[in-house]
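J.: Give me coordinates for this.
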Amino acid sequence: MDLFNRVPPVIGDRSQMRQVIMNLVLNGAEAIDGSGEVEISTDYVFRKREHFRDNLLEESPDDGDYLLLKVRDTGAGIDPETLTRIFDPFFSTKKTGRGLGLAAVLGIIRGHSGAIEVQSEPGTGTEFSIYLQAARNEPSWEENSCGG
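T.: Numbers count the residues shown, from 1 in each chain. Below is the predicted model of the structure:
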């Protein structure tokens, strides 16, 4: 884990954010065949609206400060055709999969007015980057924030 020590608070639902992290970590672990790793990192970044033009949201988030949460695995990676479908409800590449994990992740991120990006190629692993807007004028570590 590479967790930035000054993570900004964000307004959100802690249990839903736990579900996001759990789903991404489990998917990453399942993508690893044999040995490999799943890494979680956080950062505090400024992004302009243009940065989000290729995200999966109906409307791009505003310019501003963001909590950046990354989950990266060293698994097999995802081919371009499959990558276009990974957030579809009930789509799964696993025999016993239900296909709701990444659809739920996308729904939660949309519900938090955030953005999600995915980078992957076969043989290189996969990296999910989640951007959640930093809370403005909110005291740090409030009960309703996901910062602590």
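J.: Report the rounded mean pLDDT for stretch 114-129.
T.: For stretch 114-129, the mean per-residue pLDDT is 93.
J.: which residues pair with the most centrally placed residue in the chain across the strands?
T.: What sits nearest the mean C-alpha location of the chain, by CA atoms, centre = their mean, is residue 130, with 3.7 Å. Here residue 130 sits in beta bridges with residue 69, residue 116, going by DSSP bridges.
J.: Now do the helix or strand containing residue 42: which elements does it pack against?
T.: Here residue 42 is covered by strand 38-47, with elements defined by DSSP states H and E. The contact analysis (3 or more CB pairs under 8 Å, 6 or more residues apart in numbering; DSSP states H and E) places strand 38-47 against helix 14-31, strand 64-73. Using the backbone N, CA and C atoms, a C-beta is placed for each residue, glycine as well.
J.: Going C-terminal from the last one, what's the next secondary structure element?
T.: What that stands for is strand 64-73. helix 80-83.
J.: Tell me the spacing between residue 28 and residue 105.
T.: 12 Å (CB to CB, to the nearest Å).
J.: now swap in residue 17 and tell me
T.: For residue 17, the distance to residue 105 - CB to CB - is 10 Å.
J.: Same drill for these two, tell me which one is more crowded.
T.: It is residue 105, of residue 17 and residue 105, that has more neighbours when counted by other CB atoms under 10 Å, with 24 against 20.
J.: Show me where this structure dips below the pLDDT cut-off.
T.: 1-4, 54-60, 95-99, 137-148 (pLDDT under 70).
J.: repeat that for 90
T.: 1-12, 30-31, 33-35, 47-64, 66, 88-101, 110, 113-114, 133-148 (pLDDT under 90).
J.: which one of the helices and strands packed on strand 38-47 has the most crowded surroundings?
T.: Sort the helices and strands packed on strand 38-47 by mean neighbour count, taking mean count of other CB atoms under 10 Å, and strand 64-73 sits at the top with a mean of 20.
J.: And it, what does it pack against?
T.: For strand 64-73, the packing partners by 3+ CB pairs under 8 Å, 6+ apart are helix 14-31, strand 38-47, strand 125-133.
J.: From the chain's centroid, how far away is the second one?
T.: So the one you mean is strand 38-47. Between the centre of strand 38-47 and the centre of its host chain there is 10 Å, according to CA atoms, centre = their mean, to the nearest Å.
J.: Before I go, just wanted to say thanks for your time.
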